[in-house]
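S.K.: Have a look at this prediction, sequence included:
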Amino acid sequence: MAEKNPNTDRPFLDIKDLVVEYVSDGETVHAVNGVSLHLERGKTLGLVGETGAGKTTIAKSILRILPDVGAKICGGEVHLDGENLLELPEVEMRKIRGNKISMIFQDPMTALNPVQTVGDQIAEVVRLHLEHGDRTDPVERAKEMLEIVGIPAERFSEYPHQFSGGMKQRVVIAIALACNPDLLLADEPTTALDVTIQAQVLDLIADLRNKYNTAMLLITHDMGVVAQVCDDVAVIYAGNIVEYGTKRQVFKHPTHPYTIGLFGAIPDMNEDEEWLHPIDGLPPDPTNLPQGCAFSPRCPYATDECRKEAIKVYRTADGHDCRCCRIEAIAKKEG
Amino acid sequence: MPETKTAPAPQQHKAKKKSEFMRVMRQLSKNKLAMIGIAVLIIEILLAALAPWIAPYEYDKMDIPNAFATPSAEHLFGTDDMGRDIFSRVLYGGRYSISTGILAVLISTVLGICVGSVAGYFGGQVDNIIMRLLDIIQAIPGMLLMIVIASVLGPGFINTVIALSVGSIPASARMLRAQMLKERENEYIEASQSINCSKFRIIFSHLLPNCMSPMIVSSTMGVAQTITTAAGLSFIGLGVQPPTPEWGAMLSAARQFMRQAPHLIIFPGLAIALTVLVLNFVGDGLRDALDPKLKN
């Protein structure tokens, strides 16, 4: 974000230089390579990138639910409300999971336990976070949450297979919001849904967020969703943030060649286009990232300089961050 | 304590409640063979349970002059070499045979579930160690293992059950582990981690119920198999001891008179065959009913 003021306190969510690696069959997968993000209460940050760019890994690192075997957070800090989550003991972390931070999962078809009633699954999260002496009735709360997400409370004791996809995603949202979290991690919440339901679900999330002033990290690969929901946007490529700014900055003046390529790949509905314009090439193999800029093998602007060493973050003309050493040349060319 | 808050709110949604259990039951009720199987099984269990009241004679009441009597109105299935009434003995025998089968399978399934779920959920080294230990048990031929355990512990009802169950732990543990490995990849497991379920809770309240269908089927079939194996064990003299009327033991005792008085063997043999057959019907029916591909 542009206005980074050192005088104010630490932002609500502050991720610094997060590095996550997976080890499988002796090979190290560099999933996240030094990501820094920050997010204020009540704001939404869109995390955009293609499959395998490390978006979900970032979300799971925040919750510390990476798989026990193979995944390792190698460095960095995740501060929530001043606490470094990566250093908290597991006991403290348990109070945060599902309560202060909760997650909406990508595929509502598999994110619900097929043999438990939806009501029980909502009540479970409430029950798990009852403080001593708290008189909230989990079942009542679950019914209330069902009503809030627009499902009649009478369907409390039905099973997931009796719900449609959009309804299931509503249940997943109800579970995520049942404890009034401060931070919501939405991992592609609309990918598995059709466009109409997608709009409904996004509206629902937006309403609830406004009501409870929840911050949200929205993971997606859909620029349309970002345009609709987010305040800030971070574009991530091969485990690194390549462009980071407010929605207006990134959408108006995309600067990184990858972001430009992403926007270029969206077909224009007003013109008769015969071919789509994808970015040439494939995402790099995360076990063997290219030297220098990870995007350089696919980048039309790449020079030898790009392939030498890790690229610094540059400030663009309108004041957002871009990890590209050729921004001036690109700005000239794109005009 | 004044009950202020508990307003009678429930019951309003019972009409639409369609649990997995009800669905399976409905599916099962469409299967004629399975329903026949369940009916016969219930009758058998009732007969066995009520044996002391139904049986016309005491199972160990001897009547030597009347030995080897062929089936008649007086002795429905005839009498054996000591003049004991075979019908009564078959009734009483059901108590031992059926309960041995069910108990042994219950024990091995429960232990298999514990071991298998730990191995399947945690994976890695834990899984490796547990599975290799189970490999050791499985490397010993099943019948041999049972004979060894039964002869070390000595004959008797409880010991027979133990001998029968140990050998089948690896199979059920293996099956559950495979199921767990498949099931734990689902997103709802990740979701339950994200709302802070403990590992124990994830295994027992989320994973296990989703892994149970193949276990239920294999246990039902397992009971049938265990009854035959128990009969085998009694046959070689290691199971339940005479005069306790276990079906296998009856066969064993009667084998020397097979040519002269075949009814000594036919009736207990029929009882075993019938029980195994209906258990297999039920198992087959359950497998079809639990198969998610056949839903609705």
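M.R.: In hand now; what should we look at? Residues are numbered from 1 along each chain as shown, chains lettered A, B, ... in the order given.

S.K.: pLDDT value on B:Leu46, please?
M.R.: The per-residue pLDDT reported for B:Leu46 equals 91.

S.K.: Could I get the buried residue list for the helix or strand harbouring it?
M.R.: Element membership for B:Leu46, per DSSP states H and E: helix B:32-49. Across helix B:32-49, burial judged by 16 or more other C-beta atoms under 10 Å in any protein chain shown covers B:34, B:37-38, B:40-41, B:44-45, B:47-48. Yep, even glycine has a C-beta here, placed from its N, CA and C like the rest.

S.K.: Can I get those residues in CSV including distance to chain A?
M.R.: Listed next are the buried residues of helix B:32-49 as CSV, based on distance: C-beta to the nearest C-beta, whole Å:
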residue, distance to chain A
B:Ala34, 22
B:Gly37, 25
B:Ile38, 23
B:Val40, 30
B:Leu41, 26
B:Glu44, 31
B:Ile45, 28
B:Leu47, 35
B:Ala48, 33
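
S.K.: Let me know the closest of those to A:Glu50.
M.R.: B:Ala34 (50.3 Å; C-beta to C-beta).

S.K.: OK, contacts around the residue in the stretch 1-150 of chain A that chain B sits nearest to?
M.R.: Taking C-beta to the nearest C-beta as the measure, the point where the stretch 1-150 of chain A comes nearest chain B is A:Gly98, at 3.3 Å. By C-beta atoms under 8 Å, 6 or more residues apart in numbering or on different chains, the residues touching A:Gly98 are A:125, A:128-129, A:179, A:181, B:194-196.

S.K.: in those residues, which two residues are the furthest apart from each other?
M.R.: Longest span within the contacts of A:Gly98, C-beta to C-beta: A:Leu128 and A:Pro181, 13.3 Å.

S.K.: so what's the residue of the stretch 151-296 of chain B found nearest chain A closest to, chain neighbours aside?
M.R.: Taking C-beta to the nearest C-beta, chain A has its nearest neighbour within the stretch 151-296 of chain B at B:Ile195, 3.3 Å off. Of all residues not flanking B:Ile195 in the chain, A:Gly98 sits nearest, at 3.3 Å (C-beta to C-beta, 6 or more residues apart in numbering or on different chains).

S.K.: coming back round to it: report the separation between the residue of the stretch 1-150 of chain A closest to chain B and B:Ala249.
M.R.: 57 Å (C-beta to C-beta, to the nearest Å).

S.K.: B:Phe21 too?
M.R.: Taking C-beta to C-beta, one finds B:Phe21 at 38 Å from B:Ala249.

S.K.: more neighbours, those two?
M.R.: Taking neighbours as other C-beta atoms under 10 Å in any protein chain shown, B:Phe21 and B:Ala249 compare with B:Ala249 leading, 27 against 9.

S.K.: which parts of the helix or strand hosting B:Ile265 are buried?
M.R.: Using DSSP H and E, B:Ile265 sits in helix B:263-290. By neighbour count with 16+ other C-beta under 10 Å, helix B:263-290 contains the buried residues B:263-269, B:271-272, B:275-276, B:278-290.

S.K.: and chain A, which of its residues are near chain B?
M.R.: Within chain A, the residues that sit near chain B (C-beta under 8 Å from any C-beta of the partner chain) are A:60, A:63, A:65, A:68-69, A:94-95, A:97-99, A:102-103, A:105-107, A:110-117, A:124-125, A:128-129, A:137, A:154-159, A:161-162, A:172, A:175.

S.K.: any weak-confidence spans in chain B?
M.R.: Where chain B drops to pLDDT under 70, the residues are B:1-20, B:291-296.

S.K.: go with 80
M.R.: Where chain B drops to pLDDT under 80, the residues are B:1-23, B:63, B:67, B:69, B:73, B:155, B:235, B:237, B:239-243, B:290-296.

S.K.: all helices of it, in order?
M.R.: For chain B, the helices defined by DSSP state H cover B:20-29, B:32-49, B:51-54, B:86-122, B:124-139, B:142-153, B:157-183, B:187-194, B:199-201, B:208-235, B:247-254, B:263-290.

S.K.: Now tabulate these in JSON lines and tack on distance to A:Pro290.
M.R.: Output for these, formatted as JSON lines (distance: least, C-beta to C-beta, whole Å):
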{"stretch": "helix B:20-29", "distance to A:Pro290": "50"}
{"stretch": "helix B:32-49", "distance to A:Pro290": "61"}
{"stretch": "helix B:51-54", "distance to A:Pro290": "80"}
{"stretch": "helix B:86-122", "distance to A:Pro290": "37"}
{"stretch": "helix B:124-139", "distance to A:Pro290": "32"}
{"stretch": "helix B:142-153", "distance to A:Pro290": "57"}
{"stretch": "helix B:157-183", "distance to A:Pro290": "35"}
{"stretch": "helix B:187-194", "distance to A:Pro290": "31"}
{"stretch": "helix B:199-201", "distance to A:Pro290": "39"}
{"stretch": "helix B:208-235", "distance to A:Pro290": "42"}
{"stretch": "helix B:247-254", "distance to A:Pro290": "71"}
{"stretch": "helix B:263-290", "distance to A:Pro290": "50"}
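
S.K.: And these: which comes nearest A:Cys306?
M.R.: helix B:187-194 (36.8 Å).

S.K.: C-alpha coordinates for that closest one, CSV please?
M.R.: Taking Å, rounded to 0.1, in the frame of the first residue of the first chain, the C-alpha atoms of helix B:187-194 are listed here in CSV:
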residue,chain,number,x,y,z
GLU,B,187,-11.3,-30.2,2.7
TYR,B,188,-13.6,-30.6,5.6
ILE,B,189,-10.7,-32.0,7.6
GLU,B,190,-8.7,-28.9,6.9
ALA,B,191,-11.8,-26.9,7.8
SER,B,192,-12.1,-28.7,11.1
GLN,B,193,-8.5,-27.9,11.8
SER,B,194,-9.2,-24.2,11.0
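
S.K.: Quick check: end-to-end length of stretch A:255-272?
M.R.: Start and end residues of stretch A:255-272 are separated by 26 Å (C-alpha to C-alpha, to the nearest Å).

S.K.: who's in contact with it?
M.R.: By C-beta under 8 Å, 6+ apart, stretch A:255-272 touches A:48, A:223, A:235, A:237, A:242-243, A:250-251, A:254, A:273, A:276-279, A:295, A:298-301, A:316, A:320, A:322-324, A:326-327, A:330-331, A:334.
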